[in-house]
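**Student:** sequence and predicted structure below; questions after.
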Amino acid sequence: MPDTLELLILQVLSGGGEMHGYGIAQQLRLLSDEVLQVGESSLYPALQRLLVKGWVKAEWGTSDNNRRASRRAAGSISRSSAARLII
């Protein structure tokens, strides 16, 4: 269910600020009380789909441990686009 994962990612990013992929995965795990563990093979394609749709913005920078990482933030989503994602 790719759309479900996309909604969860958008929910995590809607809190404001920027997060890298690992941080998004950790936040999803914490929000689900350790039930949902999203692997890289699911997370990064979902982030790419959101990026292509313009719902997530990405920028390269440095992670907390001084590694090169892409940080993502929620973009603007129209109501009609959000409705299509939910349906």
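**Tutor:** Yep, it's here.
**Student:** what's the spacing between I24 and D64?
**Tutor:** Per Cβ to Cβ, to the nearest Å, I24 is found 14 Å from D64. From N, CA and C alone the C-beta is placed, and that goes for glycine too.
**Student:** more neighbours: these two, which one.
**Tutor:** More neighbours surround I24 than the other of I24 and D64, with 21 against 9 (other Cβ atoms under 10 Å).
**Student:** tell me the pLDDT at the more buried one?
**Tutor:** I24 carries a pLDDT value of 88.
**Student:** wait, it sits on L13?
**Tutor:** Yes - between I24 and L13 there is a contact at 7.2 Å, judged by Cβ atoms under 8 Å.
**Student:** same question for the lengthiest helix in the chain, mean pLDDT?
**Tutor:** Longest helix in the chain by number of residues (criterion: DSSP state H): helix 40-53. Helix 40-53 carries an average pLDDT of 90.
**Student:** and it, what's buried?
**Tutor:** Judged by neighbour count using 16 or more other Cβ atoms under 10 Å, the buried positions of helix 40-53 are L43, A46, L47, R49, L50.
**Student:** what helices and strands are in contact with that helix?
**Tutor:** Contacts defined by 3 or more Cβ pairs under 8 Å, 6 or more residues apart in numbering; DSSP states H and E place helix 40-53 against helix 2-13, helix 21-31, strand 56-62.
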